[in-house]
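J.: got a sequence here, can you model it:
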Amino acid sequence: MIILLLYSNRKIGGEIKEVKGGLMILDTLGIKPNYSEIGRAYGKHRSTVKKYHNGYEGKPKTRNKASKLNKHYEEIKEKLLIPGSTVKGVYEFILRKDPNIGTCSNFNKYVIKHKLKPNKANKLHLRFETDYGEQLQFDWKEDIKMISKKGEIFQFNVLSSTLCASRLHIFCYSKNRTKEDVYRCLIETFKYINGVPKETLTDNMSSIANTTTKKFYPEYIQFCKDMGCNPKKCKPRSPQTKGKDESSNRFMSWLVPYNNEFETEEDLIKILEYLNKKINKEVNTTTGITPIMLYQKEKEHLLPLPSNKVLDSYLLDTKAIKVSDESLIYYKGKKYSVPPKLINQTIKLKELDNKLYIYYNSDLVTMHNISNKPINYLSEHYKEGLSMILTSKSEIEIDVMVEKNLKLFDSIGSN
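T.: Residues are numbered from 1 along each chain as shown. Just a heads-up that it's a prediction; the model follows:
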């Protein structure tokens, strides 16, 4: 009778707390519960009611399953603390090591859950579209510093270019940012895409534009004319006008997690090439298509490459020239000095604007004005050489000898 009074007004399918509440009342009254009768009242099996009576709380609403990312937690935390690092960059780094970590979306949720995601302010950038083959945007990503496993610091630059319609990105590694480097990287880019766009767009890059007049140098205008494209410049302090390439720069942050993960410069370049391919296979949020797929359509609208003769005229001369034991090199019937440490080494030359640029391992080591004199020693090169030979002489004596001998060399050219 008591049980009927307790449960006569209950509805089948009542909550767990109601079942446990009824059982508690029976326990208080000292009445042994009839699990079958209670089960019928609540629409549950007697064994389930018995489990509730023994302390069962029901199935948990959420499963506490260990994440596959837990084993990478410390490394994720460490990489995200590196200045310039991004969640996407760290994800790609971890994914390369462990392909089983899941999607980038889940990775991002994991980072947010563990409060590792850096906060960034939102910025407004209005979009614009260009026709296929119409425009290539490019800019330097400057003074990137990476540290090898041995602690060696590598400082370099990347010319980042983007075909606007397809969003295909091209990254070109470079030690320096001279106009010759710009020409070389653009030529490598044109070869990579197997064509030339109708126009190129960049900012007031000091190597190819006068920062005072805001106009391109005649040499760069001639370069574009020879390539077959029209040079255009974005508005000062308005990077959004070349926003498609600015957006590609965020992928440079993907490099950050590779600090202390490579050994040589060749390794570093291979990592950059790997990321370049990876980036072009990512679905673009605007087009909804991967750049590499959309490029298959855009390449049909590119202009043909110039002849190899034109392209080679802008590249550094690759002819091997060996430095003599006089610390001189021979060029067009004249001799020019280089630092004595380069004796017996092979160097490369480039003549531009009546100046002779001398490179060793892609680094500019010295520069001479083109001269009619048979022998052209720079005083610092000659002094360094004499100091190595005449070790007993004082610096003052060496300076006197340098001045005297250089005048003699100059007189040879005047006879």
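J.: residues contacting the helix or strand that contains Glu266, please?
T.: Following DSSP states H and E, one finds Glu266 within helix 265-279. Residues from elsewhere that reach helix 265-279, judged by CB atoms under 8 Å, 6 or more residues apart in numbering: 92, 96, 146, 148, 154, 156, 158, 169-171, 173, 248, 251, 254-255, 258, 262, 291. Every C-beta, even on glycine, is put in place using the N, C-alpha and C of the backbone.
J.: strands - which of those land there?
T.: Taking DSSP state E, the ones among the contacts of helix 265-279 that sit in strands are Met146, Phe154, Phe156, Val158, His169, Ile170, Phe171, Tyr173.
J.: buried subset of those as a ChimeraX selection?
T.: Buried residues among the ones in strands among the contacts of helix 265-279 (16 or more other CB atoms under 10 Å), as a ChimeraX selection:
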select :146,156,158,169,170,171,173
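J.: hang on, the earlier thing: buried stuff in the helix holding Glu266?
T.: Asp267, Leu268, Ile271, Leu272, Leu275, Asn276, Ile279.
J.: where does the protein have low pLDDT?
T.: 1-16, 57-64, 118-129, 235-251, 316-320, 362, 413-415 (pLDDT under 70).
J.: give me the residue at the spatial middle of it.
T.: Nearest to the geometric centre of the chain sits Met252, at 2.1 Å (CA atoms, centre = their mean).
J.: OK, contacts around Met227?
T.: For Met227, counting by CB under 8 Å, 6+ apart, the contacting residues are Leu186, Ile187, Phe190, Val196, Pro306, Val310.
J.: one more time with 7 Å, if that's ok
T.: Taking CB atoms under 7 Å, 6 or more residues apart in numbering, we find Met227 in contact with Phe190, Val196, Pro306.
J.: and Asp27, by the same measure?
T.: Counted by CB under 7 Å, 6+ apart, Asp27 has zero contacts.
J.: rerun that using 10 Å as the cut-off
T.: Pro33, His53 (CB atoms under 10 Å, 6 or more residues apart in numbering).
J.: so it: helix, strand or coil?
T.: helix (DSSP: H, G, I helix; E, B strand; the rest coil).
J.: so which residues of the stretch 51-200 of the chain form strands?
T.: Ranges of strands in the stretch 51-200 of the chain, per DSSP state E, counting those that start in this stretch, are 135-147, 153-163, 168-174, 199-202.
J.: distance to Asn376 added to those, as JSON lines?
T.: Below are the strands of the stretch 51-200 of the chain laid out as JSON lines (distance: least, CB to CB, whole Å):
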{"stretch": "strand 135-147", "distance to Asn376": "33"}
{"stretch": "strand 153-163", "distance to Asn376": "31"}
{"stretch": "strand 168-174", "distance to Asn376": "29"}
{"stretch": "strand 199-202", "distance to Asn376": "36"}
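J.: so which of these comes closest to Glu37?
T.: Among the strands of the stretch 51-200 of the chain, strand 168-174 comes nearest to Glu37, with 72.6 Å by CB to CB.
J.: what about that closest one, distance to the chain center?
T.: Chain-centre distance of strand 168-174: 9 Å, with CA atoms, centre = their mean, to the nearest Å.
J.: stretch 28-38 now?
T.: 71 Å.
J.: ok, back up a step: dump the contacts of Met227 into TSV; add distance to Leu352 and neighbour count as well.
T.: Shown next, in TSV, are these (distance: CB to CB, whole Å; neighbours: other CB atoms under 10 Å):
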residue	distance to Leu352	neighbour count
Phe190	20	24
Val196	22	22
Pro306	19	17
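J.: can you give me the helices for the stretch 101-250 of the chain?
T.: 104-113, 179-193, 218-227, 243-249 (DSSP state H, counting those that start in this stretch).
J.: so which elements touch the first one?
T.: Judged by 3 or more CB pairs under 10 Å, 6 or more residues apart in numbering; DSSP states H and E, helix 104-113 is in contact with helix 73-80, helix 87-97.
J.: and the longest one, which residues are buried?
T.: Using 16+ other CB under 10 Å as the test for burial, helix 87-97 gives Val87, Lys88, Gly89, Val90, Tyr91, Glu92, Phe93, Ile94, Leu95.
J.: can you list those residues in TSV and add distance to Asn204?
T.: As requested, the buried residues of helix 87-97 are exported to TSV (distance: CB to CB, whole Å):
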residue	distance to Asn204
Val87	33
Lys88	30
Gly89	29
Val90	34
Tyr91	35
Glu92	32
Phe93	34
Ile94	38
Leu95	38
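J.: and those, which is closest to Phe223?
T.: Gly89 (33.7 Å).
J.: leaving out sequence neighbours, find the closest residue to that closest one.
T.: Trp254 (3.9 Å; CB to CB, 6 or more residues apart in numbering).
J.: so what touches the lengthiest helix in the chain?
T.: Longest helix of the chain, by residue count under DSSP state H: helix 395-414. The contact list for helix 395-414 (CB under 10 Å, 6+ apart) reads 334-335, 371-387, 389-390, 393-394.
J.: now do stretch 330-339
T.: 321-324, 326-329, 345, 347, 349, 351, 356, 358, 360, 365-382, 384-385, 409, 413.
J.: so how do I select the buried members of those residues in ChimeraX?
T.: Of these, the buried ones can be selected in ChimeraX as follows, counting by 16+ other CB under 10 Å:
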select :321,323,327,328,329,347,349,356,358,360,366,368,375,376,377,378,381,382,384,385
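J.: go through the contacts of stretch 330-339 and flag which are in helices.
T.: Ser379, Glu380, His381, Tyr382, Glu384, Gly385, Phe409, Gly413.
J.: I'd say the third one and Ile375 touch.
T.: No - in this structure His381 lies outside contact range of Ile375 using CB atoms under 10 Å: 11.6 Å.
J.: any common contacting residues for those two?
T.: Counting by CB under 10 Å, 6+ apart, the common neighbours of His381 and Ile375 are Leu328, Tyr336, Ser337.
J.: ok, so of the residues you listed, who is nearest Tyr314?
T.: Looking across these and measuring by CB to CB, the closest to Tyr314 is Tyr336, at 22.3 Å.
J.: and the helix or strand hosting that closest one, C-alpha only, in CSV?
T.: Using DSSP H and E, Tyr336 falls within strand 334-337. Provided in CSV are the C-alpha atoms of strand 334-337 (Å, rounded to 0.1, in the frame of the first residue of the first chain):
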residue,chain,number,x,y,z
LYS,A,334,92.2,45.0,-66.7
LYS,A,335,93.0,43.7,-63.3
TYR,A,336,90.9,44.4,-60.2
SER,A,337,91.7,43.6,-56.5
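J.: brilliant, that's me finished.
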